[in-house]
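Participant: I'll drop the sequence and a predicted model, then ask my questions.
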Amino acid sequence: MDIIKNYDIEEFIEYLKKKDLKFKKIHFKILHKKEITSLAFLELTKEKLEQYSIKEEPITIFIKFIESFNQKSHNYFLYKTLDNLKEILCKNKINEKDITNIKQFLFDK
């Protein structure tokens, strides 16, 4: 979340464009017109997007992106201590010998 929390509207729209979410110019114009900043974006709901006259498919993409971003942010904060990491590994049935079973994650460019 720290990645985008200080973005102004223009910076945030550029960030979304780089994500290649297949939004049209009109969707970015709506975000700009409604002055949706990065933090406000992460709080958007399907109902709120419908009020902005956005169609179903882009709404689905927006919501999935928001949920994914929020989940990644939440997961990041779970690993503050070694004990937290051990607990998560245990929940996923991964022990020291099975460390190669951990799915690789990729950082955004």
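Facilitator: Now that the structure is in, tell me what you want to look at.
Participant: Show me the helices in the protein, by range?
Facilitator: Ranges of helices in the chain, per DSSP state H, are 9-18, 25-33, 38-41, 46-51, 56-78, 82-91.
Participant: Tell me which of those helices sits most buried.
Facilitator: Counting by mean count of other Cβ atoms under 10 Å, helix 38-41 has the highest mean neighbour count of the helices of the chain, with a mean of 17. Where you see a C-beta, it was placed from the backbone N, CA and C, and this is true even at glycine.
Participant: Quick check: which helices or strands does that one pack against?
Facilitator: Helix 38-41 is packed against helix 9-18, with contacts defined by 3 or more Cβ pairs under 8 Å, 6 or more residues apart in numbering; DSSP states H and E.
Participant: Now do the helix it packs on: which elements does it pack against?
Facilitator: Using 3+ Cβ pairs under 8 Å, 6+ apart, helix 9-18 is in contact with helix 25-33, helix 38-41.
Participant: CSV for those helices, including distance to L82 and mean pLDDT?
Facilitator: Below are the helices and strands packed on helix 9-18 laid out as CSV (distance: least, Cβ to Cβ, whole Å; pLDDT from 0 to 100):
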stretch, distance to L82, mean pLDDT
helix 25-33, 40, 91
helix 38-41, 31, 84
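Participant: quick one, which of the ones you listed is nearest to L49?
Facilitator: Nearest to L49 among the helices and strands packed on helix 9-18 is helix 25-33; the distance by Cβ to Cβ comes to 8.8 Å.
Participant: between the closest one and helix 9-18, how many degrees?
Facilitator: Relative orientation of helix 25-33 and helix 9-18, computed by axes from the mean of the first three to the mean of the last three Cα atoms, to 10 degrees: 150 degrees.
Participant: Who are the packing partners of helix 25-33?
Facilitator: If you count contacts as 3+ Cβ pairs under 8 Å, 6+ apart, helix 25-33 packs onto helix 9-18.
Participant: Show the average pLDDT along the helix it packs on.
Facilitator: In this model, helix 9-18 carries a mean pLDDT of 87.
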